[in-house]
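*Asks:* Give the three-dimensional model of this entry:
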Amino acid sequence: MITKRWLKITEKITRKQISNALLSNKAIYTISPSLFSRPDYWNENIKVLGYHERNKIISWQPNRELNDFLKKHNQILFITFGSMVNPEPEEKTKIIIEILEQNNIPAIINTASGGLTKPDKFDAKLIHFVSRIPYDWIFPKIYGVIHHGGSGTTHLALKYGCATMIIPHIIDQFVWNKIIDEMGVGPKGIRIDKITAKNLEPKILELVNNTSFKKNAEKVAGQMEKEDFREELYNSIVA
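*Replies:* As a prediction, this is how the structure comes out:
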């Protein structure tokens, strides 16, 4: 009903109509049951039919600098806010870089849509910046991921067995943050507008040093690898 007002829809729509539509129409959640199992109380019209990844590498190729960085370091973190932006990208990046440099943690930072930025000065031996990179190429090569908590990034990080921490920005990202914490694949992250060097540093250190996060993520990856909902998804759509 809030969205109806926001969209300035003048047509009369009742709460009962909305409820009936949600409870009777076919709904398919393309999320992995390894991350979110279908509740028993859901009606039969609502299904959870797995995460379906598309190939994003296509013609992309890494440059020499990136390959050299990957060869030089172990236990690398990948940090990205994806399509999310925030009012203080320079400040957020500064906080993260200071933590990485003070603790000698190697990381690849993806500036993507501008939620993080590349500063003029940083330790280039420890930190490598990219602006565009296929996650399905980089995730199998790294230890852990710090990201905004989009459904796709959350699934991919776990599909490739990466210890994970979410810095939620909006909507469902807070739910995925809670799920990641409950699954034991990473620490519960801090919302983007609340991060400081003081509260974020122990979280990043926990992500890197608590080996159970990585082990649990690899177990989830094994479960996801066995999932194949293509036939059921097809039948649910065309039926």
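
*Asks:* Report the residue ranges of every domain in the chain.
*Replies:* Domains of the chain are assigned by automatic domain parsing as 2-53+227-238, 64-225.

*Asks:* Name the stretch among those domains that sits most buried.
*Replies:* domain 64-225 (a mean of 18; mean count of other C-beta atoms under 10 Å). Any C-beta I mention is one placed from the backbone N, CA and C, and that applies to glycine too.

*Asks:* With mean pLDDT added, can I get the domains of the chain in a markdown table?
*Replies:* A markdown table is the format used below for the domains of the chain (pLDDT from 0 to 100):
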| stretch | mean pLDDT |
| --- | --- |
| domain 2-53+227-238 | 90 |
| domain 64-225 | 97 |
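
*Asks:* how near is the spatially closest residue to residue 106 that is not a sequence neighbour to residue 142?
*Replies:* Excluding the flanking residues, the one nearest residue 106 by C-beta to C-beta, 6 or more residues apart in numbering is residue 73, at 3.9 Å. Look at residue 73 and residue 142: by C-beta to C-beta, to the nearest Å, they are 9 Å apart.

*Asks:* Show me what stretch 223-239 is in contact with.
*Replies:* With C-beta atoms under 8 Å, 6 or more residues apart in numbering as the test, stretch 223-239 has contacts from 26, 28, 30, 32-34, 47, 49-52, 155, 158-159.

*Asks:* Mark which of those residues are part of strands, please.
*Replies:* Those of those mapping onto strands are 28, 47, per DSSP state E.

*Asks:* Of the contacts of stretch 223-239, which pair is most distant in space?
*Replies:* Greatest spatial distance in the contacts of stretch 223-239: 26 and 158, 27.0 Å, computed using C-beta to C-beta.

*Asks:* What are the boundaries of the helices in this protein?
*Replies:* With DSSP state H as the criterion, the chain has helices at 2-6, 15-24, 64-72, 89-102, 135-138, 151-159, 173-183, 197-209, 211-225, 230-238.

*Asks:* So for residue 165, which of these sits nearest?
*Replies:* Of the helices of the chain, nearest to residue 165 by C-beta to C-beta is helix 197-209, at 4.9 Å.

*Asks:* got the contact list for the closest one?
*Replies:* Residues outside helix 197-209 that contact it (C-beta under 8 Å, 6+ apart) are 75, 77, 95-96, 98-100, 102-103, 105, 143-144, 146, 163-165, 186-187, 189-190, 213.
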